[in-house]
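Sequence first, then the predicted structure:
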Amino acid sequence: MYKVIPKELQEALAQNRLLIVSVSNAARQSKDTAMMRNKWVCQKSDRILFVGVTERSSLYSLKTNPDHKQKNDYIIKFTMTI
């Protein structure tokens, strides 16, 4: 999580065009906390588009989850940095 929001992100954040989601105060996210965050985003999202997600991806279980499957029919960009 950022201690100070980078200058290039401040305007988007102030205009509610950017949402920063973290489930931990750690400087770096673990695989488990990243998955917790991704599940939360999927649960809160109205629509999701998983791009380039294969069976080997950690996101594959979210993509194929029956609770999220209907959301995959729509196009919205779900982007994250781990």
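Received, thanks. Computed from a predicted model, the values in this text were never measured in an experiment.

now stretch 7-16: mean pLDDT?
Averaging the model's pLDDT scores along stretch 7-16 yields 93.

Convert the C-alpha atoms of that stretch to CSV, please.
What follows is the C-alpha trace of stretch 7-16 in CSV, where atoms were taken according to Å, rounded to 0.1, in the frame of the first residue of the first chain:
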residue,chain,number,x,y,z
LYS,A,7,1.6,12.3,-8.1
GLU,A,8,0.5,10.7,-11.3
LEU,A,9,-2.4,8.9,-9.5
GLN,A,10,-3.6,11.8,-7.2
GLU,A,11,-5.9,13.4,-9.8
ALA,A,12,-7.6,10.2,-10.7
LEU,A,13,-8.1,9.3,-7.1
ALA,A,14,-9.5,12.8,-6.2
GLN,A,15,-11.9,12.5,-9.1
ASN,A,16,-13.1,9.0,-8.0
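
Any idea how far that stretch is from the middle of the chain?
Centroid separation for stretch 7-16 versus its chain: 18 Å, with CA atoms, centre = their mean, to the nearest Å.

ok, now stretch 38-53?
Its chain's average C-alpha position is 7 Å from that of stretch 38-53, according to CA atoms, centre = their mean.

Kindly report the same for stretch 51-62.
Mean-position distance between stretch 51-62 and its chain equals 13 Å (CA atoms, centre = their mean).

please begin residue numbering at 421 from this point
Understood, numbering begins at 421; the last thing we discussed is stretch 471-482.

buried ones in the biggest helix by length in the chain?
Ordering each helix of the chain by length in residues (DSSP state H) puts helix 451-464 first. By neighbour count on 16 or more other CB atoms under 10 Å, the buried set for helix 451-464 is 454-455, 457-459, 462. Every C-beta, even on glycine, is put in place using the N, C-alpha and C of the backbone.

That concludes my questions; thank you for your assistance.
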